[in-house]
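[1] Just need the structure, nothing else, for what follows:
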Amino acid sequence: MKTEIKGQPAFSYIDVELEPGETITTESDAMSSMDADIELRSRFNGGFFVGLIRKFLGGETLFINDFSNHTDGPRRMTIVQPTPGEVRELELKDETLYMQPGAFLACSEGVKVGVKFAGLISWIAREGLFRIAVSGTGKVWYGAFGALLDREIDGEYIVDTSHLVAYDPSIKLKLQLAGGIFSSLFGGEGLVTRVVGKGKIVIQSRSISGITSWINPRLP
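    This next block holds a predicted model:
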């Protein structure tokens, strides 16, 4: 399989070339174009009940799609995300990465996509009651609204809610006020996520909640 991320950084998309016998798995509605003889199969991720959890509690779509090349030559397709921003490729080697709902785009064979309970703190912070867990050996593609920023954590770090995209399983999340009660209520920051532990996190430079809060007062 040959892949290339193009259109960086604002309007990223993944150009995929599938060799005969290869399959790529994507989030629902992530395919924007493909050769006509690529075979599409939609399925519940992990079964019916896990699919329902991803849909109603994890903020993800109910189905995921498998795109397979059963021809005798290479075939091409394009994968996109719904928001403008950066897309990244990650190579997993018998590893696990947690993602916030909406971040996952696609994965190669050998990678499983599931859900893990994130706790009420994540739900109160509007990050979803469940988080996406990608694990195994293979390639994963994920995206964000805006740019993707890496941070190595050894201790504690503060991230504004709706800006956390992905993090290592060694990282724990706590919710707190940004400052004192008055500053948190009237300073525009409100609740923030305290990231605790040692590992890597990925944050996005923009958030959907932030842009909607900016647009809504300006609507006629």
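
[2] Name the nearest residue to the residue most central in space within the chain, sequence neighbours excluded.
    Nearest to the mean C-alpha position of the chain, counting by C-alpha atoms, centre = their mean, stands residue 103 at 1.3 Å. The shortest distance from residue 103 to any non-neighbouring residue, by C-beta to C-beta, 6 or more residues apart in numbering, is to residue 142 (4.6 Å). Just so you know, the C-beta spots here come from the backbone N, C-alpha and C atoms, and that holds for glycine as well.

[3] Now that neighbour: which helix or strand?
    Residue 142 belongs to strand 130-143 when assigned by DSSP states H and E.

[4] you'd agree the residue nearest to the centre of the chain is up against residue 166?
    Yes. With contact defined as C-beta atoms under 8 Å, residue 103 reaches residue 166; the gap is 6.1 Å.

[5] list the residues that contact both of these two?
    residue 142 (C-beta atoms under 8 Å, 6 or more residues apart in numbering).

[6] where does this structure have its least confident helix or strand?
    helix 181-186 (a mean of 45; mean pLDDT, DSSP states H and E).

[7] so how many other residues sit close to residue 40?
    Residues near residue 40, counting by other C-beta atoms under 10 Å, number 12.

[8] so it makes contact with residue 66?
    Yes. When contacts are counted by C-beta under 8 Å, residue 40 is listed as touching residue 66 (7.4 Å).

[9] picking up where we left off before, wait, what's in contact with the residue nearest to residue 103?
    87-88, 90, 99, 103-105, 165-166 are the contacts of residue 142 under C-beta under 8 Å, 6+ apart.

[10] residue ranges of the helices in this protein, please?
    With DSSP state H as the criterion, the chain has helices at 48-56, 120-124, 181-186, 208-215.

[11] Comparing those helices by mean pLDDT, which bottoms out?
    Mean pLDDT across the helices of the chain is lowest at helix 181-186; the value there is a mean of 45.

[12] Look up how far residue 195 lies from the residue lying closest to residue 82 once chain neighbours are set aside.
    Computed as C-beta to C-beta, 6+ apart, the closest residue to residue 82 that is not its neighbour in sequence is residue 29, at 7.5 Å. According to C-beta to C-beta, to the nearest Å, residue 29 and residue 195 sit 30 Å apart.

[13] Next: residue 160.
    11 Å.

[14] neighbour-wise, which of these two wins?
    When residue 160 and residue 195 are compared for neighbours, residue 195 comes out ahead with 21 against 17, by other C-beta under 10 Å.

[15] List the contacts of the closest residue to that one other than its chain neighbours.
    What sits nearest to residue 195 in space, not counting adjacent residues and going by C-beta to C-beta, 6+ apart, is residue 157, at 4.5 Å. Residues counted as contacts of residue 157 (C-beta under 8 Å, 6+ apart) are 151, 194-195, 201.
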